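Undergrad: please work out how this folds:
(chains A and B)
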Protein chains: 2
Amino acid sequence: MTEVARPSEGAGVGGAGTTGADAGGPRGGEALPLDLDAAMEDAAAAPHRAGAPGPGVRRARAWLSRAVEPGCIDFWRFVDEVGPVDAVRLVRGRRASPRIRGLVASRVDQDLSLADLRRAERCGARLVVPEDDEWPGPRLHALTVAVADEPVEPAHQTERTKALVPPVALWVRGPGRLDELVERSVAMVGSRASTAYGEHVAGEMAHHLGERGWTVVSGGAYGIDAAAHRGALAAGGPTIGVLACGVDRVYPAGHEALFARIAETGLLVSEWPPGAAPHKHRFLVRNRLIAALTRGTVVVEASSRSGAQATAKRAHGLGRGVLVVPGPVTSAMSVGCHELLRGEELGARLVASAAHVVEAVGRLGEDLAEPPDHPADARDGLSDVAVRVLDACPVRTGASPERLAMVAGCDVLDVLKVLPALELAELVEWTGTGWRLTPPPGKRTPAR
Amino acid sequence: MTEVARPSEGAGVGGAGTTGADAGGPRGGEALPLDLDAAMEDAAAAPHRAGAPGPGVRRARAWLSRAVEPGCIDFWRFVDEVGPVDAVRLVRGRRASPRIRGLVASRVDQDLSLADLRRAERCGARLVVPEDDEWPGPRLHALTVAVADEPVEPAHQTERTKALVPPVALWVRGPGRLDELVERSVAMVGSRASTAYGEHVAGEMAHHLGERGWTVVSGGAYGIDAAAHRGALAAGGPTIGVLACGVDRVYPAGHEALFARIAETGLLVSEWPPGAAPHKHRFLVRNRLIAALTRGTVVVEASSRSGAQATAKRAHGLGRGVLVVPGPVTSAMSVGCHELLRGEELGARLVASAAHVVEAVGRLGEDLAEPPDHPADARDGLSDVAVRVLDACPVRTGASPERLAMVAGCDVLDVLKVLPALELAELVEWTGTGWRLTPPPGKRTPAR
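TA: Numbers count the residues shown, from 1 in each chain, chains lettered A, B, ... in the order given. Below is the predicted model:
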């Protein structure tokens, strides 16, 4: 589904056109000075063209993304209130409040904004800012709502690593367009010390999700994360790795090839500028982003009281579905999953297949990769089994009835019973080797 | 825990004293005639001694248990209304309503009541009737309530195999006292085509339940049923096999040794008279009894749309807890379990250990095999983990902290952290080889 993910307006869209030379200026307009403060003054004075990031905004946010650790409520509120250019001017001119000045004190005189933007460019990355079309605003809205609930007094606020604060900007590496990729996305998280069972299930599930054009989002770690990314990649599906270090760094080091493949077809995303190290506390801050960017979080394997459980709690707090894959009760790596399913507070749902995941997070009528141009009632009139089989059908490669039965979680006989009706309604078609969703007219590709 | 199960008033209690000679008469009183109709007339005329089954009642119910297939609403209502002796008199004298006469038409002239009672006696079985102290009335009350909801018109009634009708009498084989054994009992059901995983879990769970004095009730079938019975037997715990054939028959034939062991220490129970064949429809009728007799039903492995799911639905309908053991999502034998856990309608709860089962079905303060004489608040003040560890402690044989952690589903470190507090509160004790519940004073046995 890579074609859906590519920027529809060419490489210049969003942050993709940001080069070192125009990093501080309006797109296609006159260049701003190389000196940060001079650039900010010029940007503040320049006329703002509607519908695009104002002059200096990207450079301002590049500087801000290094000035204070992400996940800081007061700093985000400050930037949100005065805007990025004025935020930099006020901070650098020592005119911000003592609280804000305290937050940036250690890094206020440093300026690596141009260097960061250039370093990003060298590895095929760019900075996506809230002012861009590509910014996944609707997804991150839950964070904006959450931060609005936090008290003003720092002592009463949720501790930083737990605070639900929107990112100031996102460093993004890869060909995918962030807002489009996260629109139909699912997080898949779990233990690093996963078992063969967990990796198999994560891989299969991610593969099936990828086949249907769902983006699999994970953290790029060993174990379940890696299995999820690989499963999605194997299906040619988009996948996003949300990192706790710079998008040009590889952590863990053993994932160099994996990250390279993700950056080729999907996206590596980080709140930290290029070169940033994967400090431990950053993973906790990063986790909220995985939950926020996706429609739901699938926990595949988790030991008792694991990080995956914390991510699930975070997802629930953001109004996202918590989906849990069970396992053998004899496996320590499934204890955390079973704890989640036994607890009532997160409303965790058991999922055993990609079809279950799509059923839980897919919006009505959006379950198909392309909106069907069949009248809505062709689908509405279907039996429960027929809907599950339909949901199990891949977009491109045909699948056997046995495969459909496995994905849909029903009997092969039931699949064979409903397929003729689905074909008659032109919802599915036979490719010669298997069944797939009928492509919308005009988008017909030869069956693969 | 067999000692709890043995009849406290010796072998003569309840139906245990029923011999061929006094089968139709009051216990210890004058014998009634061998001819059924004469015996019933004598019984109807005889004075009724309060607090014991009336004269002829056992013989009447023996005849009734063969006259109409169990699970028939109208017949049960008829017997309930006029009483067993008059029921036999009215039916045999062709004075019952046409509907009732129609129900018994094919078997009304047959009389095997004495032969059945003698045949039962020969295999160490007896007939327990609702008029006995041993009758598990409180447990079966849910069936009495359910049948009261059924309409009078047969055409509007639930179909026979699904009807929730109390039994007319129960043929019972073994030393256990039925009412006592079912008081703290859990049903464990699942697939006959079980996997090694399912059998392992069923066996372990039944073992732990048996260790804590819980009766494991199952159907004596291959697979999960057998694993559950064996697990309970291995722990020296009571177990009940509820059969769809006579208690002197072995079905499946391969379970001859298993049934013999159950009959030695627990109970085999059936609504059908000795010699009755295991007809297919009888299993469906039997299943309601497994659900009714127990506090909750644990489903260990079930394929999609299996009988175990039907039993779970039945249990829910009777207000019993539906407890489900998850498994690998890659296993067809766990698909039914996951369906139950995904469905909302039965309120199915995921259980991964015996502790979870006891937590779900155990009444407050009854979780320990013996009521503790520690003040209630010794337990009340405990943390969640401490309660789980306490619930995991066996009654007799000491268990290692690792074992406790596994059973309680928590970390060994947590177990080691809470054990000192539990010991200080005199709730647990060290046996030299492991931890167990502190026996109540006066019941102290040497640690095994």
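Undergrad: what helix or strand is residue A:231 located in?
TA: helix A:224-234 (DSSP states H and E).
Undergrad: so does that helix get close to chain B?
TA: No. Taking C-beta under 8 Å from any C-beta of the partner chain as the criterion, helix A:224-234 and chain B are apart, separated by no less than 13.8 Å. To be clear about C-beta, it is placed using only N, CA and C from the backbone, and glycine gets the same treatment.
Undergrad: now the residue of the stretch 251-400 of chain A found nearest chain B: closest residue in space, sequence neighbours ignored.
TA: Closest approach between the stretch 251-400 of chain A and chain B, counting by C-beta to the nearest C-beta: residue A:326, at 3.4 Å. Distances taken as C-beta to C-beta, 6 or more residues apart in numbering or on different chains place residue B:326 nearest to residue A:326, at 3.4 Å, with adjacent residues excluded.
Undergrad: again with residue A:199
TA: residue A:227 (4.0 Å).
Undergrad: burial of that neighbour, as a residue count?
TA: 27 (other C-beta atoms under 10 Å in any protein chain shown).
Undergrad: now do the buried residues in the lengthiest helix in chain A.
TA: The longest helix of chain A (DSSP state H) is helix A:196-211. By neighbour count on 16 or more other C-beta atoms under 10 Å in any protein chain shown, the buried set for helix A:196-211 is A:197-211.
Undergrad: point to the residue nearest the middle of chain A.
TA: residue A:293 (4.4 Å; C-alpha atoms, centre = their mean).
Undergrad: do I have it right that it meets residue A:240?
TA: Yes. Proximity of residue A:293 to residue A:240 meets the contact threshold set by C-beta atoms under 8 Å, at 7.4 Å.
Undergrad: shared neighbours of the two, anything?
TA: A:182, A:185, A:217, A:269 (C-beta atoms under 8 Å, 6 or more residues apart in numbering or on different chains).
Undergrad: by neighbour count, which of those wins?
TA: For those, neighbours were counted using other C-beta under 10 Å, and residue A:217 has the most, 31 neighbours in all.
Undergrad: helix/strand/coil for that one?
TA: Using DSSP: H, G, I helix; E, B strand; the rest coil, the structure places residue A:217 in strand.
Undergrad: okay, and the beta partners of it?
TA: residue A:187, residue A:240 (DSSP bridges).
Undergrad: against chain B, how distant is it?
TA: Relative to chain B, residue A:217 is positioned 21 Å away (C-beta to the nearest C-beta, to the nearest Å).
Undergrad: which ones are touching that residue?
TA: A:182, A:185, A:186, A:187, A:188, A:239, A:240, A:241, A:242, A:290, A:293, A:294.
Undergrad: ok, and what's touching the helix holding residue A:231?
TA: A:188-192, A:194, A:198-200, A:202-207, A:209-210, A:215-216, A:218-220, A:238-239, A:241, A:255, A:258, A:261-262, A:265-266, A:300-301, A:308.
Undergrad: tell me the residues on the stretch 151-300 of chain A that lie near chain B, please.
TA: A:197, A:200, A:201.
Undergrad: how about low-confidence regions in chain A?
TA: A:1-30, A:160-162, A:363-381, A:440-448 (pLDDT under 70).
Undergrad: can we see that at 50?
TA: Low-confidence segments of chain A, defined by pLDDT under 50: A:1-29, A:364-365, A:367-376, A:443-448.
Undergrad: secondary structure class for residue A:79?
TA: Looking at residue A:79 with three-state DSSP, the answer is helix.
Undergrad: wait, it touches residue A:85, no?
TA: No. With contact defined as C-beta under 8 Å, residue A:79 and residue A:85 do not form a contacting pair (10.1 Å).
Undergrad: related to what we said a few turns ago, farthest-separated two in the shared contacts of residue A:293 and residue A:240?
TA: Within the shared contacts of residue A:293 and residue A:240, A:185 and A:269 form the most distant pair, 11.4 Å apart (C-beta to C-beta).
Undergrad: hey, what's in contact with both of the two?
TA: By C-beta under 8 Å, 6+ apart, the residues touching both residue A:185 and residue A:269 are A:240, A:293.
Undergrad: so where do the helices sit in the stretch 251-400 of chain A?
TA: A:256-265, A:280-293, A:307-317, A:335-342, A:354-361, A:376-380, A:384-392 (DSSP state H, counting those that start in this stretch).
Undergrad: and the second one, what does it pack onto?
TA: Okay, so that is helix A:280-293. Helices and strands touching helix A:280-293, by 3 or more C-beta pairs under 8 Å, 6 or more residues apart in numbering or on different chains; DSSP states H and E, are helix A:137-148, strand A:185-189, strand A:215-218, strand A:239-243, strand A:267-270, helix A:307-317.
Undergrad: how about 10 Å then?
TA: When contacts are defined as 3 or more C-beta pairs under 10 Å, 6 or more residues apart in numbering or on different chains; DSSP states H and E, helix A:280-293 packs onto helix A:137-148, helix A:178-183, strand A:185-189, strand A:215-218, strand A:239-243, strand A:267-270, strand A:296-299, helix A:307-317.
Undergrad: with the fifth one instead?
TA: Packing contacts for helix A:354-361, counted by 3+ C-beta pairs under 10 Å, 6+ apart, involve strand A:185-189, helix A:196-211, strand A:296-299, strand A:321-324, strand A:349-350, helix A:384-392, helix A:401-408, helix B:335-342.
Undergrad: what's near enough to touch the residue nearest to residue A:326?
TA: A:324-329, A:334, A:337-338, A:341, A:350, A:352, B:201, B:300, B:334, B:337-338, B:340-341, B:350-352 (C-beta atoms under 10 Å, 6 or more residues apart in numbering or on different chains).
Undergrad: gap between it and residue A:307?
TA: 21 Å (C-beta to C-beta, to the nearest Å).
Undergrad: ok, now residue A:258?
TA: 20 Å.
Undergrad: picking up where we left off before, could you flag which of the contacts of residue A:217 are buried?
TA: A:182, A:185, A:186, A:187, A:188, A:239, A:240, A:241, A:242, A:290, A:293, A:294.
Undergrad: now residue A:221. Its backbone dihedrals?
TA: phi -80, psi 170 (degrees, to the nearest 10).
Undergrad: settle this for me: it is touching residue A:202, isn't it.
TA: No. Taking contacts as C-beta atoms under 10 Å, residue A:221 lies outside contact range of residue A:202: 11.8 Å.
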